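# Give me a model of this one.
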Amino acid sequence: MASNLHVLEDSHHQTARIDAYKVAQQLDNYDVVVDAAAKATKTDHEMTLWQALKRNKKAVLWSMLLSTALVMEGYDLVIINSFYGQEQFRQHYGKFDEANQKWYIPASWQSGLTNGALCGQIVGLLINSWASQRFGYRRTMATALAFMACAIFPVFFAPNLPVLVLGEILCGLPWGIFQTITTAYAADILPIALRPLLTSYVNMCWGFGILMSSGVARAALDLEGAKAYHVPFALQWIWPLPLFIGVCFAPESPWWLIRKGRVDDAEHSIRRLNSSSTSEEEVQDTLAMMQHTDAIEKAENEGVNILDCFRGTNLRRTEIGCAVFAIQYLAGGPLIGYAVTFLQQAGMDDESAFDFNLGVTTMFTVGTIVSWFFLNKVGRRTIYIGGIALMSFISLIIGILGFIPNTSLAVGVLLICLNFAYNIGIGPVCYCIVAEVSSSRLRPIAVVLSRISYNLMGLVCNTITPRMIQPTSWGWGARCGLFWMGTGIAACTYCYFRLVETRGRTFAELDALFAAKIPARKFATTDIDLFTHTQDVKNATPTNGKQGSNGESDSVDDKKF
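Numbers count the residues shown, from 1 in each chain. The predicted model follows:
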């Protein structure tokens, strides 16, 4: 199928313009829809942050409610890493090192526990790519929360490491759904001004779960025996029930309803997501913008299955989404979770190491809040590339300190800096890019594929990182920072040539830029023309279809304009 968009160039700039003939074939009342969509797009661009909050406060609250499910994932994924430094956990599940007279969890089992959860997440992600398209976001999310409440049981009652790994795999299934459905939902229901804040809020929820796990792990050190790890596991049951009740009352994504042809339901959902002061005309304009965007994407590619993410211009979009998620590991992210290990190697007692680790995990929240001041003012591309460069520099310093004796405390401090750099840069902005770079019709599936790339990269990194650090394995210690510096430089180079700028663009405008094959470094400066009227359509040479003697396609005459 030929593209329904093309590029006009002059000596000053480029303009991506749609072939409205194909788009018109997807819509009834084409002129009415185009005019209303143009008004909604103009309003979206001109809306200030305060105006967007006032009009979309309900959507903000619903998005925040669903994103809170990520607290569970962040909490449990990191509580396991914290337990590697807890004596009670090591004595129950670990082995005794005769040489050092200490209990420890073997590096292979550390990798197995983390990777077990990642494998479960991958399966959950694949389930989500089908379920969210078939049943919608709300029903898929509610089912995942119910399953989550059941999956906690084998983790809580695990008598040994194999059963604990099984529990982590089962918990990973709903986590895979939470990871992506929350991001897609936030992108679907929010305007341009709020989209980066609420998609990056997903990162804050994940970080808040990590911070909470660090605090709970520190408090649990004072508990005796199995309570020290049973109580932290049991706290996971706090979340599923209230979230399940909230999700049952949440409005469905209007974009999903549009894709299903349920226009009246989409209109009702838009009303529920907007404030009561939103006029009927504004509701109809928003609905028309969604219909117009959906028509543009249908004209470009009809499909909505996983294979369509690898066809035509969607291949480039899928590649970018997968890359920016995988780079969260390649930029040095795996080091952040091992602050306690470095501090203990520096001679710190367990309590002090866990206290210090609270400072590390606080950066997930502090960094994300700081990033909000830049997301609507500085381009996503600039923040992302700058974040990688800063993390690579910090990793270099950590690697150098690895050759100097008695510097583990300094390494621990640098890990706080590394986590802060992560969370003002690639951590939160990754969710913005992934949510915006995919087409509206393929967003639920494209976000899933992006997150799968993250998990697959995690399987590799979580296998090698414990071995790099553990003295009983490869024994690199802090010198592994040089390795992550190298991967960070490679990631930075890729992003310079391939990462596009999505700030301030509607989904239809991004469709135009990708379909017109605009180079990554020209995304921010290319003009876009999306709104062509009936007469322009009739006078245009169609991209596809049989033409009559007057140069117009026969199907144009059949269209009711």
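
# make it CA atoms for all contacts and neighbour counts henceforth
Fine.

# If you average the pLDDT over stretch 332-346, what comes out?
Taken as a whole, stretch 332-346 carries a mean pLDDT of 71.

# Oops, could you answer that again for stretch 438-447 instead?
Per-residue pLDDT over stretch 438-447 has a mean of 86.

# centre of the chain versus that stretch, how much separation?
Centre-to-centre, stretch 438-447 and its host chain are 12 Å apart (Cα atoms, centre = their mean, to the nearest Å).

# Please enumerate residues in contact with that stretch?
128-130, 132-133, 180-181, 183-184, 188, 255-256, 259, 293-294, 297, 304-306, 308-309, 314, 317-318, 321, 434-435, 507, 511 (Cα atoms under 8 Å, 6 or more residues apart in numbering).

# Next: stretch 127-140.
176-177, 181, 185, 247-248, 250-253, 256, 306, 444-445, 448.

# Now with 7 Å, please.
For stretch 127-140, the external contacting residues (Cα atoms under 7 Å, 6 or more residues apart in numbering) are 177, 181, 247-248, 250, 252-253, 256, 444-445, 448.

# Compile those into CSV and extend it with columns for neighbour count and secondary structure.
What follows is those, written out as CSV (neighbours: other Cα atoms under 10 Å; DSSP: H, G, I helix; E, B strand; the rest coil):
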residue, neighbour count, secondary structure
Ile177, 30, helix
Ile181, 27, helix
Val247, 22, helix
Cys248, 13, helix
Ala250, 20, coil
Glu252, 24, coil
Ser253, 22, coil
Trp256, 23, helix
Pro444, 32, helix
Ile445, 29, helix
Val448, 30, helix
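
# ends of stretch 153-171, how far apart?
One end of stretch 153-171 sits 10 Å from the other (Cα to Cα, to the nearest Å).

# tell me the mean pLDDT for that stretch?
If you average the pLDDT values across stretch 153-171, you get 89.

# Tell me the gap between it and the middle of its chain.
Put simply, stretch 153-171 sits 27 Å off its chain's centre (Cα atoms, centre = their mean).

# So which bits of that stretch are buried?
The neighbour-count check on stretch 153-171 (16 or more other Cα atoms under 10 Å) flags 153-156, 158, 161, 164-171 as buried.

# So which of those is the closest to Lys54?
Using Cα to Cα, Cys171 comes nearest to Lys54 of the buried residues of stretch 153-171, at 37.1 Å.

# Nearest residue to the closest one in space, please, no chain neighbours.
Computed as Cα to Cα, 6 or more residues apart in numbering, the closest residue to Cys171 that is not its neighbour in sequence is Ala151, at 5.3 Å.

# my read: the one you found touches Gly172, true?
No - counting by Cα atoms under 7 Å, Ala151 does not reach Gly172; the two are 8.9 Å apart.

# neighbour count winner among the two?
Shown here are Ala151 and Gly172; by other Cα atoms under 10 Å, Gly172 has more neighbours (29 against 20).

# ok, that one to Met485 distance?
Distance from Gly172 to Met485, by Cα to Cα: 30 Å.

# Which of the contacts of stretch 438-447 fall in helices?
128-130, 132-133, 180-181, 183-184, 188, 255-256, 259, 293-294, 297, 314, 317-318, 321, 434-435, 507, 511 (DSSP state H).

# Might you calculate how far stretch 278-298 sits from the centre of the chain?
25 Å.

# Buried ones in it, by neighbour count?
For stretch 278-298, by 16+ other Cα under 10 Å, it's 282-298.

# Check stretch 144-152 too.
The neighbour-count check on stretch 144-152 (16+ other Cα under 10 Å) flags 144-145, 147-149, 151-152 as buried.

# swap in stretch 55-71?
Buried, per 16+ other Cα under 10 Å, within stretch 55-71: 55-60, 62-71.

# what's the burial count for Ala226?
Using other Cα under 10 Å, Ala226 is surrounded by 12 other residues.

# Sorry, slip of the keys, the one I care about is Leu315.
Leu315: 15 surrounding residues under other Cα under 10 Å.

# Can you get me a residue count around Ile238?
Applying other Cα under 10 Å, I find that Ile238 has 11 neighbouring residues.

# Report pLDDT for it.
Ile238 is given a pLDDT of 88.

# from now on call the first residue 93
From this message on, residue numbering opens at 93, which makes the last subject Ile330.

# Now do the phi/psi pair for it.
phi -60, psi -40 (degrees, to the nearest 10).

# That one and Tyr167, how far apart?
The gap separating Ile330 from Tyr167 is 12 Å, by Cα to Cα.

# what sits in contact with each of those two?
With Cα under 7 Å, 6+ apart as the test, Ile330 and Tyr167 reach no residue in common.

# Any regions of the stretch 343-492 of the chain where pLDDT drops low?
393-396, 429, 431-432, 434-440, 442 (pLDDT under 70).

# mind listing the strands for the stretch 143-292 of the chain?
Using DSSP state E, counting those that start in this stretch, the strands of the stretch 143-292 of the chain run over 187-189, 194-196.

# Please consider this matter closed, and thank you.
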